[in-house]
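Participant: What follows is a predicted protein model with its sequence.
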Amino acid sequence: MKIVTISDTHAPRRWKSCPPRVAEHLREADLILHAGDVCTASVLGELAAYAPVHAVLGNNDGPDVAAWGAPATLDLDLAGLKVSMIHDSGPSAGRLARMARRFPEADLVVFGHSHIPLDESAGGLRIFNPGSPTDRRRQPHGTIGLLTVADGRLQEARIVPVT
């Protein structure tokens, strides 16, 4: 299973339409995970044209994103891999331990909010922030995350520059 993770698209201010380098990866996706700050549900509809989408609410998401079906947190079983999603994982200090307490059943927690890509693991939990494809802030590139899941395991996790 090929999964594209994305966060903090901030449409329509930052995401006018799907950037071409993001679309290249979406064309190969079996599933798309959006970790919040979509800002307008039309982005979720645009993404759903590529593959099924799961999303969580971000602090900038309006009622239309909630009406689309995005909850504050989400737990998924993806080919046997237990994945939890949240937009804001809190401060960087103690994040991994905090996410392990918050999502004790998860193998992987996907989050956003900071726009800073992160891939960290310890004690059987991996936390993953794909960054933002459209609002890189102090990062050198806009980014997305690519996950490969097979046989109940995360085979590969990569953060990929798209700008």
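Facilitator: Thanks, I have it. Numbers count the residues shown, from 1 in each chain.

Participant: mind listing the helices for the protein?
Facilitator: Assigned by DSSP state H, the helices in the chain fall at 20-26, 42-48, 63-68, 95-102.

Participant: Return the most buried member of those.
Facilitator: Burial of the helices of the chain is given as mean neighbour count (mean count of other Cβ atoms under 10 Å); helix 42-48 ranks first at a mean of 18. The C-beta positions use only the backbone N, C-alpha and C, and glycine is treated the same way.

Participant: Quick check: which of the helices of the chain is nearest to residue 157?
Facilitator: Nearest of the helices of the chain to residue 157, taken as Cβ to Cβ: helix 20-26 at 13.7 Å.

Participant: what does that closest one contact?
Facilitator: When contacts are defined by Cβ atoms under 8 Å, 6 or more residues apart in numbering, helix 20-26 is touched by residues 4, 6, 18, 32, 47, 50-51, 133, 144, 146, 160, 162-163.

Participant: Quick check: the two most widely separated of those residues?
Facilitator: Pairwise distances across the contacts of helix 20-26 peak at 21.6 Å for 51 and 163 (criterion: Cβ to Cβ).

Participant: hang on, the earlier thing: can you lay out the helices of the chain as CSV showing mean pLDDT and distance to residue 125?
Facilitator: Putting the helices of the chain into CSV (pLDDT from 0 to 100; distance: least, Cβ to Cβ, whole Å) gives the following:
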stretch, mean pLDDT, distance to residue 125
helix 20-26, 97, 25
helix 42-48, 96, 26
helix 63-68, 96, 27
helix 95-102, 97, 5
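
Participant: which residue packs closest to residue 69, ignoring adjacent ones?
Facilitator: Excluding its sequence neighbours, the residue lying closest to residue 69 (Cβ to Cβ, 6 or more residues apart in numbering) is residue 55, at 7.8 Å.
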